[in-house]
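Trainee: Next one to model:
(chains A and B)
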Amino acid sequence: MVGSLNMVGYGLAAIGPGVGIGLIFAAYINGTARQPEMQSRLQPIAILGFALAEALAIIGIALAFVIK
Amino acid sequence: MSEPARILANQGFHAPGPVDFFLPDFTGKSWNQSGYDTLLTKASVLLVFGAVLAYLFLAFTSRRGAVVPTKGQYLGEQAYSFVRNGIGQDIIGPKYMKYVPLLVSIFFFVVINNLFGIVPVLAFSPFSRVSFAYGLALLVWIIYNGVGIMDKGLLGYLKHATVPAGVPVAILPLLIPLEFLSNILVRPVTLSLRLFANMFAGHLLLILFSTGGAYLLIHATGSPVLKPAGVLAFALGVAIGFLEVVVALLQAYVFTLLTAQYISGALASDH
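Mentor: A predicted model of the protein is given here:
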């Protein structure tokens, strides 16, 4: 088999942000289910948290390609 | 040689990589060929085309301004008010009107350029090349720092951006460099890399599933499951295409949301 171990490393590194994004949206869904009228207030916060958690995976994919 | 041509000529399967994003310019040479400076690639043409399309969309949907809107006007107004109220008003607060033109143009510019990635003939999003994303993030960086400096003065803004309120003095030497790093230096990098990496990874997946599916269907031999696997790869490619529409809209929203967030952070006066 030929390939780069970087990609395996990136796959492992993506677990963390994956769990984090799952937790963020779980909390968002929970909050909306408990109090539907808060949905419009919660949505930007949830998307912002998602973007910040995703940044880790993004930096990971950049490094996976850059570091040889 | 392009990947489809390589597959049709049965030269084996190459896993797609960053090199597939170095498009040749109109002379047929590409940037990674031994120090050649490309003149005008598809990405830069599409970038200008995207700006023109964004202008035309907003201009044509707002041209008449009728009280009873047509379908086009309704669409334009809904999209505009989504950005103005959902992002500008909610995040920036009372002084938001000044920044609405910036937010609306960034949103439509990014969304149209992202959607180029799944339009069949164009099939390339300029933001899957990192330099374009850097340029846009640099613009946002200059604007949010400039807004903060105009509001508070240079030293006042630096203090506002780097010294958190209500923290013991003893810990400040540790916090100030960290806050400076995260608020001034890292923000434009993550802002641009987020947009770039999402478009890049999505496009890479599309290339992988379509070329891999073509290779499995046409040339792969040795096992009876390979051709059904090719069909499955094509089906997954179509599904990823739909996912890409969602990602294109979501990333444009996130980019605009973070721009508004940074401007509001630079303007905030709570400490």
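Trainee: low-scoring stretches of chain B, by residue?
Mentor: Within chain B, the stretches falling below the threshold (pLDDT under 70) are B:1-11, B:31-36, B:270-271.
Trainee: Spell out which parts of it neighbour chain A.
Mentor: In this structure, chain B approaches chain A at residues B:17-18, B:86-87, B:90-91, B:190, B:193-194, B:197-198, B:200-201, B:250, B:253-254, B:257-258, B:261, judged by CB under 8 Å from any CB of the partner chain. Every residue, glycine included, has its C-beta placed from N, CA and C.
Trainee: Those in helices, which ones?
Mentor: When DSSP state H defines the helices, the subset of these inside them is B:190, B:193-194, B:197-198, B:200-201, B:250, B:253-254, B:257-258, B:261.
Trainee: Need those residues in CSV (columns: neighbour count).
Mentor: Converted to CSV, these look like this (neighbours: other CB atoms under 10 Å in any protein chain shown):
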residue, neighbour count
B:190, 20
B:193, 21
B:194, 23
B:197, 26
B:198, 26
B:200, 24
B:201, 16
B:250, 16
B:253, 20
B:254, 23
B:257, 21
B:258, 24
B:261, 19
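Trainee: Pipe those residues into JSON lines and attach distance to residue A:62 per row.
Mentor: Below are these laid out as JSON lines (distance: CB to CB, whole Å):
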{"residue": "B:190", "distance to residue A:62": "10"}
{"residue": "B:193", "distance to residue A:62": "6"}
{"residue": "B:194", "distance to residue A:62": "10"}
{"residue": "B:197", "distance to residue A:62": "6"}
{"residue": "B:198", "distance to residue A:62": "12"}
{"residue": "B:200", "distance to residue A:62": "9"}
{"residue": "B:201", "distance to residue A:62": "10"}
{"residue": "B:250", "distance to residue A:62": "19"}
{"residue": "B:253", "distance to residue A:62": "22"}
{"residue": "B:254", "distance to residue A:62": "17"}
{"residue": "B:257", "distance to residue A:62": "21"}
{"residue": "B:258", "distance to residue A:62": "18"}
{"residue": "B:261", "distance to residue A:62": "22"}
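Trainee: Just give me how far stretch B:111-125 sits from the chain centre.
Mentor: Taking the mean of its C-alpha atoms, stretch B:111-125 sits 11 Å from the chain's own mean (CA atoms, centre = their mean, to the nearest Å).
Trainee: Give the buried residues for that stretch.
Mentor: Of the residues in stretch B:111-125, those with enough neighbours to count as buried (16 or more other CB atoms under 10 Å in any protein chain shown) are B:111-118, B:122, B:124-125.
Trainee: Count the residues that sit near residue B:148.
Mentor: Residue B:148 has 24 neighbours, counted by other CB atoms under 10 Å in any protein chain shown.
Trainee: Quick check: residue B:210 touching residue B:235?
Mentor: No. With contact taken as CB atoms under 8 Å, residue B:210 and residue B:235 are classed as non-touching, separated by 11.3 Å.
Trainee: Looking at the two, which is more packed in?
Mentor: Set side by side, residue B:210 and residue B:235 show more neighbours around residue B:210, with 22 against 12, by other CB under 10 Å.
Trainee: Which strand or helix spans the more buried one?
Mentor: Assigned by DSSP states H and E, residue B:210 belongs to helix B:187-218.
Trainee: how about that helix: buried residues?
Mentor: If you call a residue buried by 16+ other CB under 10 Å, then helix B:187-218 has these buried ones: B:187-217.
Trainee: Helices along the chain, start to end?
Mentor: Using chain A. With DSSP H applied, chain A shows helices at A:5-13, A:15-34, A:39-66, listed in chain order.
Trainee: wrong one, I was asking about chain B
Mentor: Taking DSSP H as the criterion, chain B carries its helices at B:3-8, B:42-62, B:71-81, B:100-115, B:130-152, B:154-162, B:172-180, B:187-218, B:226-267.
Trainee: now the fourth one against helix B:42-62, angle please.
Mentor: Spelled out, that is helix B:100-115. Our comparison of helix B:100-115 with helix B:42-62, counting by axes from the mean of the first three to the mean of the last three CA atoms, to 10 degrees, yields an angle of 130 degrees.
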